[in-house]
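Enquirer: give me coordinates for this.
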Amino acid sequence: MDTLIEAIPTWALCYLFNSDATGLTDEEIALIDQWYTENKVMGITTATEQEGECFPYFSHYPAFGLPAEVVDCHVMVR
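Expert: Residues are numbered from 1 along each chain as shown. The predicted structure follows:
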């Protein structure tokens, strides 16, 4: 198992962490699911300096989707 740091769009965090698709379109859900499956993701946690701290920033190259505000996350893949 490998751990990568990926820039995950903030709009996708509730779905990835809590399976809460509130406010997401079917296309956004499909995009997240496709990325999750293609990368064989086993788990995701935020890459924080201290417990509970996240530092969102804008990225032109998030892990998936269009340029957006992102949070760095540890992504465990097979």
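Enquirer: only C-alpha atoms for contact and neighbour calcs from this point on.
Expert: Fine.
Enquirer: can you give me the strands in this protein?
Expert: Secondary structure of the chain (DSSP state E): strands located at 2-9, 41-46, 57-59, 68-77.
Enquirer: can you tell which of these is closest to Asp33?
Expert: strand 41-46 (10.1 Å; C-alpha to C-alpha).
Enquirer: that closest one: partners in the sheet, and parallel or antiparallel?
Expert: Applying DSSP bridges to the sheet, strand 41-46 is found paired with strand 68-77 (antiparallel).
Enquirer: mean confidence (pLDDT) on the partner strand, please.
Expert: When pLDDT is averaged along strand 68-77, the result is 94.
Enquirer: quick check: angle from it to strand 2-9?
Expert: 160 degrees (axes from the mean of the first three to the mean of the last three C-alpha atoms, to 10 degrees).
Enquirer: buried ones in strand 68-77, by neighbour count?
Expert: 68-76 (16 or more other C-alpha atoms under 10 Å).
Enquirer: can you put those residues in CSV and add distance to Tyr15?
Expert: CSV is the format used below for these (distance: C-alpha to C-alpha, whole Å):
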residue, distance to Tyr15
Ala68, 16
Glu69, 16
Val70, 14
Val71, 14
Asp72, 16
Cys73, 14
His74, 16
Val75, 15
Met76, 17
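Enquirer: can you tell me which of these is closest to Met1?
Expert: Met76 (6.7 Å).
Enquirer: next up, the contacts around that closest one.
Expert: Going by C-alpha atoms under 8 Å, 6 or more residues apart in numbering, Met76 touches 1-4, 41-44.
Enquirer: can you select the buried ones among the residues you listed for me in ChimeraX?
Expert: A single ChimeraX command is used to select the members of the contacts of Met76 judged buried by 16+ other C-alpha under 10 Å:
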select :41,44
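Enquirer: lowest pLDDT pick from the contacts of Met76?
Expert: Comparing these by pLDDT, Met1 comes last, at 82.
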